[in-house]
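> What follows is a predicted protein model with its sequence.
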Amino acid sequence: LTNEMKGPLNEDHLILAMRVLQNKCFVGLLEEFDLSLQLFESYFGWSKVGDAAKRKECTQKIESRKDNANNHPTLDEDEGGEIWGLLEQKNLYDMRLYEFALGLYEKEKEKYGGDIVVEVVGDGFLPSPPPPSPPPPVPVPPPPTPPPQEPSPPEIDPNEPPVVQHPKYDPYNWNENAPKYNNINNYPEASEEGGWELHPQKNNMPSTLMEDPSKVTLPPELEARYTQLSIGFTDIEKPFDKSKNLAIFWHIPKCGGGILDQLLSNCIGLVEANKVGSREGHQNDETLTVVTHDGSQYVNVDTTTPNGIEHAKELHLASSGLADVALTSYLYDAASLFTNNGNTVRGKCFTMLRHPIKRAVSIFYYLKETEFGDANLSIFKDMSLEEYARSQWCEENWMVRFLTNEMKGALTEDHLTLAMRVLQNKCFVGLLEEFDASLLRYEMYFNWGKVGDKAKRTECTKMMEQQSDTSDTLHPVEEGDEVWSLLEQKNLFDMKLYEFALDLYEEFSGYG
């Protein structure tokens, strides 16, 4: 319907297809073959053509030859069958177009099916002869003018087809044995079969939220997740108080977190909790202490893994006062750090974001060019970026998944709303594209500008910034390229979240 026979499809192709059906095609349904035939006859005036008896006999013969494909075992979508899920995954746009067509079909029935009476003849349905014309009505006085009523919903705008309600069936939860969605830090632990579970979002193109995410009512399960975070993390609008708050850096892979980590420890002189302090046999320590590694100081726990966070919780890291900042990708696990101290200490989240497409490109070249010593990951050595973008290895909406703790299954608009709410209320946002300004904002918000030797900080900062990611310049991908479109299709929710984060960044312009 769009004459787009090659390359990826996007929301614009779906809208064009909807417009063509809406304005240029009279729609019938195989599932209602007999009624559709009658609608065709009514619309095109075919019911008055040919001999009625011959038409009836001929129609019965034709209907006996109907496609019998449904005699094969059916795929019950409510059962979540694997085959149904695979087919639906490859036809998400057609599924949405079909739902739109159902609405068009109902309108056609209202307009052209009023005089059609269906009777059962053998195994099929055929139109009965039209009823005799009724006598002319007796004139009656006009009825009184009814009181004003609420305006009816507007008709469909041909240029903007309405939002389509998507099937409730979730085709991405049928594999209960699939591995948990992985963080980039876990890539070397991939199974021999290779790959990560891919869950293209069911809605395929999230709409731009017009409401404040904090005012949107979410499903109970997602509201409960936000409550879980709120127990551990205080709102960013409240000033940072070192005696009551622990800074938690939400680390997004390939967003400058590694450089920022070194800047905080080596240049600013903060005591960190990440994974460095657990090395050299400290991972099983039963008491907290500060250890020195390459001139920087770290608490002897690992906050970069769920198990490490649980161990840090048992040792009361949050209330110990030993760490100035902790680094993790797992906010929901990190929230538990503050549940065993009588709520006297709570977390303050900050993070650094990057354009999702550029981040995906950077991850690919990281996998391609890094020697992991893992034969399973040699697959990336000879892989092109486009092959990666089409493969099961390509990440899908990493940020929204980790901000909603939805590591498996399809994402919905509600997950996007929750992710936006978390960023809006719980995380101080920085941007890799504005690295220097973001670092200055962190220092002002957390009062780090007064920590450490100023001359050393300036020299160290320049040295660290020279180590920044160069994938954007070495491997540029332009918007509109096929690779860009492929990566965008797999990260539509992250793209919307990033756009929202840009607005949040501007709102906090007062910090530098």
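That came through fine. No experiment lies behind these values; they were computed from the predicted model shown.

> Please enumerate the strands of this protein.
118-121, 124-127, 245-250, 272-273, 290-293, 296-299, 325-328, 346-353, 427-431 (DSSP state E).

> Mind checking the pLDDT average for the third one?
So the one you mean is strand 245-250. The average pLDDT within strand 245-250 is 97.

> can you check the fifth one too?
Model confidence over strand 290-293 averages 92 on the pLDDT scale.

> Can you give the distance of it from its chain's centre?
Taking CA atoms, centre = their mean, to the nearest Å, one finds strand 290-293 lying 39 Å from the centre of the chain it belongs to.

> ok, now the shortest one?
Shown here is strand 272-273, whose average C-alpha point lies 30 Å from the average C-alpha point of the whole chain (CA atoms, centre = their mean).

> and it, what other elements does it pack with?
Strand 272-273 is packed against strand 296-299, strand 325-328, with contacts defined by 3 or more CB pairs under 8 Å, 6 or more residues apart in numbering; DSSP states H and E. All C-beta atoms are positioned from the backbone trio N, CA, C, and that covers glycine.

> Next, format those strands as TSV and append mean pLDDT and distance to residue 382.
Below are the helices and strands packed on strand 272-273 laid out as TSV (pLDDT from 0 to 100; distance: least, CB to CB, whole Å):
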stretch	mean pLDDT	distance to residue 382
strand 296-299	94	38
strand 325-328	96	33
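
> ok, which stretches of the stretch 251-400 of the chain are helices?
With DSSP state H, counting those that start in this stretch as the criterion, the stretch 251-400 of the chain has helices at 257-262, 306-314, 317-320, 331-334, 356-369, 385-390, 398-404.

> Show me which positions of the fourth one end up buried.
This means helix 331-334. 331, 332, 333, 334 (16 or more other CB atoms under 10 Å).

> Quick one: residues in contact with that helix.
Outside helix 331-334, the residues that touch it by CB atoms under 8 Å, 6 or more residues apart in numbering are 225, 228-229, 232-233, 248, 250, 303, 306, 309-310, 326, 328, 347, 349, 402-403, 405, 422.

> Give me the below-cutoff pLDDT ranges for the stretch 101-250 of the chain.
114-211 (pLDDT under 70).

> cutoff 50 now
Applying pLDDT under 50 to the stretch 101-250 of the chain picks out residues 118-130, 148, 150-158, 160-208.

> re the thing from before, ok, of the buried residues of helix 331-334, which one's closest to residue 494?
Closest approach between these and residue 494, by CB to CB: residue 331, at 15.7 Å.

> residues touching residue 295, list them.
Going by CB under 8 Å, 6+ apart, the list of residues near residue 295 reads residue 266.

> Distance check, it against residue 269.
Separation of residue 295 from residue 269 (CB to CB, to the nearest Å): 10 Å.

> what do these two both touch?
Joint contacts of residue 295 and residue 269 (CB under 8 Å, 6+ apart) do not exist.

> Wait, residue 477 touches residue 488, no?
No: here residue 477 lies out of contact with residue 488, judged by CB atoms under 8 Å, at a distance of 10.3 Å.

> Find residues that contact each of those two.
residue 357.

> Tabulate the buried residues of helix 331-334 (CSV), appending distance to residue 322.
CSV is the format used below for the buried residues of helix 331-334 (distance: CB to CB, whole Å):
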residue, distance to residue 322
331, 21
332, 23
333, 19
334, 16
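
> Run a quick neighbour tally on the closest residue to residue 479 other than its chain neighbours.
Leaving aside its sequence neighbours, residue 479 sits nearest to residue 357 (CB to CB, 6 or more residues apart in numbering; 7.8 Å). Residue 357 is flanked by 24 other residues according to other CB atoms under 10 Å.

> Residue 362 now?
Other residues close to residue 362 by other CB under 10 Å number 23.

> Likewise for residue 392?
With other CB under 10 Å as criterion, residue 392 counts 11.

> just the one 10 residues further on next, same as before
The burial metric for residue 402, expressed as a neighbour count using other CB under 10 Å, is 22.

> sorry, back to before: among the helices and strands packed on strand 272-273, single out whichever gets nearest to residue 507.
Comparing the helices and strands packed on strand 272-273 by CB to CB, strand 325-328 comes nearest, at 22.9 Å.

> Identify all contacting residues around that closest one.
246-251, 257, 261, 264, 270-274, 303-304, 309, 312, 317, 334, 337, 446.

> To residue 84, which of the strands of the chain lies closest?
Taking those one by one with CB to CB, strand 124-127 is closest: 28.2 Å.

> Now do stretch 312-329: distance from first to last residue.
Terminal residues of stretch 312-329 are spaced 15 Å apart (CA to CA, to the nearest Å).

> on that earlier part again, quick check, nearest of the buried residues of helix 331-334 to residue 40?
Nearest member of the buried residues of helix 331-334 to residue 40, counting by CB to CB, is residue 332, at 55.4 Å.

> related to what we said a few turns ago, could the helices and strands packed on strand 272-273 go into TSV alongside mean neighbour count?
Shown next, in TSV, are the helices and strands packed on strand 272-273 (neighbours: other CB atoms under 10 Å):
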stretch	mean neighbour count
strand 296-299	22
strand 325-328	25
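
> need the ones you listed in TSV with distance to residue 2, can you?
Listed next are the helices and strands packed on strand 272-273 as TSV, based on distance: least, CB to CB, whole Å:
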stretch	distance to residue 2
strand 296-299	56
strand 325-328	44
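
> Figure out how far the longest helix along the chain is from the centre of its chain.
Counting by DSSP state H, the longest helix found in the chain is helix 92-112. Relative to the centre of its chain, helix 92-112 is centred 27 Å away, using CA atoms, centre = their mean.

> That helix packs against which elements?
Checking 3+ CB pairs under 8 Å, 6+ apart, helix 92-112 ends up next to helix 11-24, helix 33-44.

> Go through the longest one and flag the buried ones.
Across helix 11-24, burial judged by 16+ other CB under 10 Å covers 13, 14, 15, 17, 18, 19, 21, 22.

> What separation is there between the third one and residue 2?
Right, residue 15. Residue 15 is 9 Å from residue 2, by CB to CB.

> what about the closest residue to residue 296 other than its chain neighbours, neighbour count?
Nearest residue to residue 296, sequence neighbours excluded (CB to CB, 6+ apart): residue 265, at 4.0 Å. Residue 265: 23 surrounding residues under other CB under 10 Å.

> ok, residue 265 - contacts?
271, 272, 296, 297, 298.

> if we take those, which one ends up nearest to residue 502?
The closest of these to residue 502 turns out to be residue 272 (CB to CB; 28.0 Å).

> wait, isn't that closest one in contact with residue 298?
Yes: using CB under 8 Å, residue 272 is in contact with residue 298, at 5.3 Å.

> angle of the longest helix of the chain against helix 33-44?
If you take axes from the mean of the first three to the mean of the last three CA atoms, to 10 degrees, helix 92-112 sits at 60 degrees to helix 33-44.

> Name the nearest residue to residue 101, sequence neighbours excluded.
In space, and not counting its chain neighbours, residue 101 is closest to residue 27: 5.2 Å by CB to CB, 6+ apart.

> ok, the one you found to residue 34 distance?
15 Å.

> can you check residue 53 too?
Residue 53 is 18 Å from residue 34, by CB to CB.

> Which one's more surrounded, these two?
More crowded of residue 53 and residue 34, by other CB under 10 Å: residue 34, with 17 against 8.

> quick one: residue 226 and residue 421 touch, right?
Yes: contact criterion CB under 8 Å: residue 226 and residue 421 qualify, at 6.3 Å.

> Good, we can wrap up now.
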